[in-house]
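S.K.: Here's a sequence, model it:
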Amino acid sequence: MSARPKILSIGNMEPRVEDELARDFEIFSTNKQPLEEIMPAHAAEITGLITRGRMRTDARLIAELPRLQLIANYGVGYDSIDCAAAASRGVVVTNTPDVLNDEMADFTVGLMLATIREIPQSDAYLRAGNWERSGAFPLTASLRDRKIGIAGLGRIGQVIARRLQAFERPIAYYARTPRDGLPYEYHSSLEALAEAVDVLIVVLPGGSATHHAVNGQVLKKLGPNGILVNVARGSVADEEALIAALRDGTILGAGLDVFAHEPSVPQALREMKNVVLTPHVGTGTHHTRRLMGNLVIDNVRAWFAGKGPVTPVSETPWEVGANVA
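M.R.: Reported below is the predicted structural model:
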């Protein structure tokens, strides 16, 4: 009987995923042992890697795994993986698209409404006894007089847009190229979109191409009535520029599920009354995390069964019938 393939698990992987894969694979997990202890003993034997993206899979780590064939990412975003380094080695990268689209869209709409209508703030107001002592909570902004913009109209962005159509508000979007057959107004730059809308929802992928895409100029274009909702990556927004814009009234408010240096969140944001902050929980339900974990498992099992990956990313394309041995 041949030895079981050896899999490295990094980035705080869901224990259920490791437990399921442990039936067929030998798992070396940073949940149980530091990476610096795993690598000297097992790097030469590891052929697969699973990651939740909370540790970088950079060129150096890939180079230290000479037999690596597959990197399976738990999540749709994979900017923590150096895909160019993986591709240069013939290593295939997979992610978990589609299974989280509905959850992210639901959450994004909820975060937008919570920010505009100050739902967490009014909850805190009631709990503190201020309703009885001081009277009604102050009036808030409304969605009724707003135009909504979506920066990034990929799979998740399009599901968000479909949800928003029910609110009967105008919708516009920014993407690298127009999407055929969609009824939404297109803008060819992020600044142009920000200037045209009152709510800017950011669903751009992370990575160097979008680093600080939401900068001071974009926020200035969004304007003093503007609401920013970021459910993409913390790196997409210039956090210092955002704090300044919120503080000086350049924009009205923000709903943020992602931050530049998670889990560290600037104290300035924590103290602001015109922001709603959530700890990167957009897909954080038992239902969706189970589906994401299942897809990681399916990618690993399919690969090592010689069937190829289920959901390879575009940077490491896969041809049906290619040799996986």
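S.K.: Can you give me every residue that contacts Ile160?
M.R.: Ile160 is in contact with Met104, Ala105, Thr108, Val109, Ile150, Ile201, Val203, counting by C-beta atoms under 8 Å, 6 or more residues apart in numbering. In short, each C-beta sits where N, CA and C put it, glycine included.
S.K.: And Leu291, what's its pLDDT?
M.R.: Leu291 is assigned 98 on the pLDDT scale.
S.K.: For it, grab phi and psi.
M.R.: The phi/psi pair for Leu291 (degrees, to the nearest 10) reads phi -70, psi -40.
S.K.: Number of residues surrounding the closest residue to it other than its chain neighbours?
M.R.: Nearest residue to Leu291, sequence neighbours excluded (C-beta to C-beta, 6 or more residues apart in numbering): Val99, at 3.9 Å. With neighbours defined by other C-beta atoms under 10 Å, the count for Val99 comes to 19.
S.K.: same thing with Arg23?
M.R.: Burial measure for Arg23: 10 neighbouring residues, criterion other C-beta under 10 Å.
S.K.: Check the gap between it and Val17 for me.
M.R.: 12 Å (C-beta to C-beta, to the nearest Å).
S.K.: Next: Gly152.
M.R.: Distance of Gly152 to Val17, given as C-beta to C-beta: 27 Å.
S.K.: Equivalent analysis for Val231, please.
M.R.: Taking C-beta to C-beta as the measure, Val231 falls 23 Å from Val17.
S.K.: Quick check: can you list the domain ranges of the chain?
M.R.: Per automatic domain parsing, the structural domains of the chain span 6-99+287-304, 101-277.
S.K.: Out of the ones you listed, which gets nearest to Pro317?
M.R.: Pro317 lies closest, by C-beta to C-beta, to one member of those: domain 6-99+287-304, at 8.5 Å.
S.K.: Now do that closest one: distance to the chain's middle.
M.R.: Chain-centre distance of domain 6-99+287-304: 18 Å, with C-alpha atoms, centre = their mean, to the nearest Å.
S.K.: same thing with stretch 260-275?
M.R.: Distance, centroid of stretch 260-275 to centroid of chain: 18 Å (C-alpha atoms, centre = their mean).
S.K.: Convert that stretch to PDB, retaining C-alpha atoms only.
M.R.: The C-alpha trace of stretch 260-275 is given here as PDB (Å, rounded to 0.1, in the frame of the first residue of the first chain):
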ATOM      1  CA  ALA A 260      -5.700  46.700   6.400                       C
ATOM      2  CA  HIS A 261      -4.000  44.800   9.200                       C
ATOM      3  CA  GLU A 262      -6.600  42.300  10.500                       C
ATOM      4  CA  PRO A 263      -7.400  41.500  13.200                       C
ATOM      5  CA  SER A 264      -6.000  44.900  14.300                       C
ATOM      6  CA  VAL A 265      -8.400  47.700  13.700                       C
ATOM      7  CA  PRO A 266      -7.400  51.400  14.200                       C
ATOM      8  CA  GLN A 267      -8.600  52.900  17.400                       C
ATOM      9  CA  ALA A 268      -9.700  55.900  15.400                       C
ATOM     10  CA  LEU A 269     -12.300  53.800  13.500                       C
ATOM     11  CA  ARG A 270     -13.400  52.100  16.700                       C
ATOM     12  CA  GLU A 271     -14.200  55.500  18.300                       C
ATOM     13  CA  MET A 272     -16.100  56.900  15.300                       C
ATOM     14  CA  LYS A 273     -19.900  57.100  15.500                       C
ATOM     15  CA  ASN A 274     -20.400  57.200  11.800                       C
ATOM     16  CA  VAL A 275     -19.000  53.800  11.000                       C
END
